[in-house]
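S.K.: I would like to see how this sequence folds:
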Amino acid sequence: MPSLPAGRFRSIAWRLTVLLTLLLTLAAAGTVVAALSYGQTAATRAFDRLLTGAALQIAERISVVEGETMIDIPLSAFGLLSLAAEDRIFYRIIAPDGETLTGDESFPLPEASGSESDPLLYDTVFSGEAVRAIKMQRFLAERAVRGPITVIVAQTLRARAELANEIVARAIIGVIVAGGVTLALALLAMHLALSPLRRIERALLARDPKDLTPFSTTTPREVEALVAAINRFMARLDRRVSAMQGFVADAAHQMRTPITALRAKTELAMEETDPRKLKALQRRIRDRAIGVSRLTDQLLSHALVTHRADSATLEQIDLRRVAVEAEREARRTGGAEGIELDLPADPVMVAGDAFSLREAARNLITNALAHGRPPVCLRVSVTSQGRALIAAHDQGPGMSPDQLQRIGQRFARDPSNAQSAGLGLAIVAEVAEFHQGTLRTAGGAGDTFEVGIELPLTAPAAPFSEGEIAQ
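M.R.: Sure, this is the predicted structure:
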């Protein structure tokens, strides 16, 4: 059996169709069962009335003449039962002493007699067929005959079964017709109800792939949330695409300039014969190469941070552990000796992405080493406003007012430093924004400067031991 496409199982129309069909099938099955029960009950009651009427007519024609019991069975009694032409009729009349006066002597009596005065309807088997019988008694109080005369009239069940089957068949036909009409109307209503989704689909397919502006269409209140979610997604995607396009354009320009300068200095060095000038050119080439390497590394880091801002899952993180790992990574990459750590005794828990926070802390260290003065200290604390802080502190003069105004912007580099990539604090600012935090600076009076990020503080977890942090 061929399998259905995977997308079909996710179709709302398909699921609603299956659900409606299932519900209508259950309702139809219940109706058929109820119709079968009703048909059997109705047929039984109808024919039981005929049996009762025939038995009454026979009982009324029983009399005693000159000491003998006379039975005059009227033709009208069996005329009622003859309405069921295919059924056989049996009867038996029993005297008070148990002797069968007329009829079939072997016709069985009911096992439970019940009240002697009330008619008793019962089912039994006679001559190889299932029959329905009624037992009725008439009390005679004559001198010669005294006691109850028992009248039993029976009929086979063929006509009853035919009547019950006819009632059930008509009920089934009605259920099928009503169910089909109901299902058709339900599918039509579902088609009309889902038409706003098709309008949204057509509107999206008709748009230019580069058009990420919000779209508006007339939709029911239940679909407005979907349209709003799509518009929010497109707005976020538009921001990301625009930022990425701008980043790529800026990166291409920023990479082209130092590479061109590096190539030019390399060509000068190849033509230079003066050892002193050649040594100076080599130092400049080395500085440019370090700058290009740092720019490339930070471009990749910035791209990863930007990507994780949309895809990473936030988890509970201790900023003390982030600081330890960032300091260890900075030492491993070289040029970060003499970094001090200032960590509190209690955990400083935030909801964040460990990779992004570690990259931000590493760039804080790199920025302090490149532009500040030792000693450089990476500290973690809780501010007086109840927010978590991770910051790099150095003994340098800090930033100028113009630099502070452009802090966090991409490629806002120090012109006097050829190795500066201008992306370190931009990465820190993006990580802070991703974590609903802010970029913070302090000092700048000429002897100390500090830059870091403040993050929302979450409920503290169980404290880590110093051995766990150092691992």
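S.K.: Is D447 within a helix or a strand, and which one?
M.R.: Counting by DSSP states H and E, no helix or strand carries D447.
S.K.: give the contact list for it.
M.R.: By CB atoms under 8 Å, 6 or more residues apart in numbering, the contact list for D447 reads Q395, P397. For every residue, glycine as well, the C-beta is placed using N, CA and C.
S.K.: check contacts around T458.
M.R.: Going by CB under 8 Å, 6+ apart, the list of residues near T458 reads Q316, M349, V350, A351.
S.K.: gap between the closest residue to it other than its chain neighbours and A225?
M.R.: Distances taken as CB to CB, 6 or more residues apart in numbering put M349 closest to T458, at 4.9 Å, once the chain neighbours are dropped. For M349, the distance to A225 (CB to CB, to the nearest Å) stands at 33 Å.
S.K.: quick one: which of the two has more around it?
M.R.: M349 (18 against 10; other CB atoms under 10 Å).
S.K.: Name the residues linked to the more buried one by a beta bridge.
M.R.: D318 (DSSP bridges).
S.K.: quick check, nearest of the contacts of T458 to I339?
M.R.: V350 (21.5 Å; CB to CB).
S.K.: So that closest one is in contact with L457, correct?
M.R.: Yes. Between V350 and L457 there is a contact under CB atoms under 8 Å: 6.5 Å.
S.K.: ok so, going back, the residue nearest to T458 touches Q316, doesn't it?
M.R.: Yes. Using CB under 8 Å, M349 is in contact with Q316, at 5.6 Å.
S.K.: so I173 is in which element?
M.R.: helix 158-193.
S.K.: centre of the chain versus that helix, how much separation?
M.R.: 35 Å (CA atoms, centre = their mean, to the nearest Å).
S.K.: Packing partners of it?
M.R.: helix 12-60 (3 or more CB pairs under 8 Å, 6 or more residues apart in numbering; DSSP states H and E).
S.K.: Spit out the contact partners of L163.
M.R.: G39, A42, A43, A46, F47.
S.K.: What is the neighbour count of the first one?
M.R.: Going back to what we said before, that points to G39. Neighbours around G39, by other CB under 10 Å: 21.
S.K.: Is it correct that it is in contact with A164?
M.R.: Yes. The criterion here is CB under 8 Å, and G39 meets it with A164 at 3.8 Å.
S.K.: Please write out the alpha-carbon positions of the helix or strand where E454 lies in CSV.
M.R.: If you go by DSSP H and E, E454 is part of strand 449-456. Presented in CSV, the C-alpha positions along strand 449-456 are these (Å, rounded to 0.1, in the frame of the first residue of the first chain):
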residue,chain,number,x,y,z
PHE,A,449,39.3,52.7,32.7
GLU,A,450,36.7,49.9,32.7
VAL,A,451,34.4,48.6,30.0
GLY,A,452,32.0,45.7,30.4
ILE,A,453,28.5,44.5,30.0
GLU,A,454,25.6,44.5,32.5
LEU,A,455,23.2,41.6,32.3
PRO,A,456,19.9,40.7,34.0
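S.K.: buried set for that strand?
M.R.: F449, E450, V451, G452, I453, E454, L455 (16 or more other CB atoms under 10 Å).
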